[in-house]
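Q: Just need the structure, nothing else, for what follows:
(2 chains)
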Amino acid sequence: MGRLNVPPLTALRVGESALLVECGSAGRVQAVYDAARGLLDDGRARDVVPAATTVLLDGVAEPAALAEAVATWSLPEATGPTGELVELVVTYDGPDLDDVARAWDCSREDVATVHAGIEHVVAFCGFAPGFAYCRGLPEQLSVPRLPSPRSRVPAGSLAVADSWTAVYPTDSPGGWRLIGTAAVGTVGRLWDPGADPPALLVPGTRVRFRAG
Amino acid sequence: MPAEQTRFLDVVDPGALATVQDLGRVGLAHLGVPRSGALDEPAHRLANRLVGNPEDRATVEVTLSGATFRLDRAATVAVTGAWCPVHTGPGPGSGSGTGSGTGSGRRALPWGTAVTLTAGAVLELGPAEGGLRCHLAVAGGVAVPPVLGSRSTDLLSGLGPAPLRAGDRLPLGSVQGAPRSVEATAATRPAHELRILLGPRADWFDPLAVAGLHGSSYAVSSDSNRVGLRLEGPALRRRVRRELPSEGIVLGAVQVPPNGQPVVLLADHPTTGGYPVVGVVASADLPGCAQLRPGDRVTLLLA
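A: Below is the predicted model of the structure:
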């Protein structure tokens, strides 16, 4: 049964065997992602990849038929995150903490208090295996990326960019603002190719940062 | 006591770049794990069939300059993908001194055919001709430990075995089937025409520029790698100027960074990206993308 005030979903064709579902809002990405994962069970899709405002359905056997079906999905925004809650102990000591404090017009301690006071939710993974884009900071606390990225950001760095938060799971180049460091032992949990799932922070996971 | 002793493929000289590849890591894109896997997938599957392997066994992807290996025990091998001269010899230090190698036991082997070599034999793949990447399959397959269900080297994320180095010993799996030397084999030809299916973000570009893609000629940049085939030619002008929020990416996506020069994303591509994708290369043209060399020219066609 359709619901009022739920705009229809649009599924754009992507090549021969994929669809990009435009969701319009973050809350709806979560709802579409949850619904679309059912396509994996019966082989109608091989990969379901959420992102900032879209969900990619890849390896789709019958894209034309699925595009029509998706347009009839009646999915309101998820009422709230329901994923598992993960607490990560961090120290707010990053080299860009002063920059962020200036951008937020507050003290370093306030940055820590505000950031740790928010429940973040993993919207999607990307950039590197296990790198989780966590949503939670309000728009007005957005901070720009570095004008030129660092060639090496150590694994375990707590970082913000735009209104995203992430903890780098592996050493990599990176242009986010580093505001802290995850506690010893966190890195091995964030990304472990031998574990199932290999990533600690999967889409939908709720994340709390606690200053340790 | 194990019933069968492990056999090894020894890397004598990996050349410019040699990596272990299979069919890649599928179903993990939502965790940020690239698919990876053989770029010339039909060549990888064919090489496996020729030596009697299931098609998902790992092969070695050899790039451009060729590579040299040594078999510690007798084994059946086959080379596919780009054509290259293939030779065998008794091994280093056994008469490979001067001259062209004749008289030292070095002899040419057929390309694209299963050949059984004796213990200690050296296997040389010469430079690829008319393409870029060759696949070497060995009966039993390369049996390095899998990572997340695949033995593929992913050059973007670093998952899987590191690119091969001289002195590496690659364990081989147990032989499962008899070689099939009768299958007709052809080298994979470089794709000189790439058919593009427009979307999902073709409407982010100047419509005239998009229409102008049809028949446009681009040169393959020397910055191309397993992550992407970088093209140099007419810049694709954006119509929509705002930033695109990151979205999921498929194999063969033609992504357009701010400089307007298209990049065809190959197997080691990141799972999400923030540059608009104007179109996607037809899957039938992807193996030919794997065989394009820096400086080659390609014509884009709108499908």
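Q: What residues does the stretch 201-303 of chain B have near chain A?
A: B:245-250, B:252-253, B:270-273, B:277, B:279-283 (Cβ under 8 Å from any Cβ of the partner chain). Just so you know, the C-beta spots here come from the backbone N, C-alpha and C atoms, and that holds for glycine as well.
Q: Just the buried ones from these?
A: The neighbour-count test (16 or more other Cβ atoms under 10 Å in any protein chain shown) applied to those identifies B:246-250, B:252-253, B:270-273, B:277, B:279-283 as buried.
Q: Let's see which of these end up in strands.
A: Members of those lying in strands (criterion: DSSP state E): B:Glu247, B:Gly248, B:Ala253, B:Thr272, B:Gly273, B:Val277, B:Gly279, B:Val280, B:Val281.
Q: Now the two most distant members of those residues.
A: Greatest spatial distance in these: B:Thr272 and B:Val281, 18.8 Å, computed using Cβ to Cβ.
Q: Next SSE downstream of the helix or strand harbouring A:Gln30?
A: Element membership of A:Gln30 [criterion: DSSP states H and E] is helix A:26-36. Sequence order places helix A:38-41 as the next helix or strand after helix A:26-36, per DSSP H and E.
Q: Can you tell me what sits against that following helix?
A: A:Ala45, A:Arg46, A:Asp47, A:Val48, A:Leu57, A:Val60, A:Leu66, B:Gly27 (Cβ atoms under 8 Å, 6 or more residues apart in numbering or on different chains).
Q: Convert it to CSV, retaining C-alpha atoms only.
A: Extracted C-alpha coordinates of helix A:38-41, given in CSV (Å, rounded to 0.1, in the frame of the first residue of the first chain):
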residue,chain,number,x,y,z
GLY,A,38,16.9,-8.8,0.1
LEU,A,39,17.8,-8.8,-3.6
LEU,A,40,21.1,-10.5,-2.6
ASP,A,41,19.4,-13.5,-1.1
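Q: Quick check: what element follows that helix along the chain?
A: Helix A:38-41 is succeeded, C-terminally, by strand A:47-50 (DSSP H and E).
Q: relative to helix A:26-36, how tilted is the helix or strand just after that next one?
A: Remark: after strand A:47-50, the chain's next helix or strand is strand A:54-58, criterion DSSP H and E. Comparing the axes of strand A:54-58 and helix A:26-36 via axes from the mean of the first three to the mean of the last three Cα atoms, to 10 degrees yields an angle of 20 degrees.
Q: mind listing what strand A:54-58 pairs with, with the direction of each?
A: strand A:18-22 (antiparallel), strand A:47-50 (antiparallel) (DSSP bridges).
Q: Could you give the average pLDDT over the following helix or strand past it?
A: Counting by DSSP H and E, the element after strand A:54-58 in chain order, helix or strand, is helix A:63-72. For helix A:63-72, the mean pLDDT works out to 95.
Q: CA atoms only: put the very next helix or strand once past helix A:63-72 into PDB for me.
A: Counting by DSSP H and E, the next helix or strand C-terminal to helix A:63-72 is strand A:85-91. The C-alpha trace of strand A:85-91 is given here as PDB (Å, rounded to 0.1, in the frame of the first residue of the first chain):
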ATOM      1  CA  LEU A  85      26.000   0.200  18.700                       C
ATOM      2  CA  VAL A  86      29.800   0.300  18.700                       C
ATOM      3  CA  GLU A  87      31.700   2.400  21.200                       C
ATOM      4  CA  LEU A  88      35.200   3.600  20.200                       C
ATOM      5  CA  VAL A  89      37.600   5.000  22.800                       C
ATOM      6  CA  VAL A  90      39.600   7.900  21.300                       C
ATOM      7  CA  THR A  91      41.900  10.700  22.400                       C
END
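Q: Quote the end-to-end distance of stretch A:138-151.
A: 28 Å (Cα to Cα, to the nearest Å).
Q: what does chain A put close to chain B?
A: A:12-18, A:20, A:40, A:46-56, A:58-59, A:124-133, A:170, A:193, A:197-199, A:202-203.
Q: Return a selection command, for use in PyMOL, containing the buried ones of those residues.
A: Entered in PyMOL, the line below selects the buried ones among the residues of chain A next to chain B, by 16+ other Cβ under 10 Å:
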select buried, chain A and resi 12+13+14+15+16+17+18+20+40+46+47+48+49+50+51+52+53+54+55+56+58+59+124+125+126+127+128+129+130+131+132+133+170+193+198+199+202+203
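Q: Export the strands paired with strand A:54-58 as JSON lines, with columns for mean pLDDT.
A: As requested, these are exported to JSON lines (pLDDT from 0 to 100):
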{"stretch": "strand A:18-22", "mean pLDDT": "98"}
{"stretch": "strand A:47-50", "mean pLDDT": "98"}
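Q: Please dump the ones you listed into JSON lines; it should also carry distance to A:Tyr92 for every row.
A: Putting those into JSON lines (distance: least, Cβ to Cβ, whole Å) gives the following:
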{"stretch": "strand A:18-22", "distance to A:Tyr92": "36"}
{"stretch": "strand A:47-50", "distance to A:Tyr92": "28"}
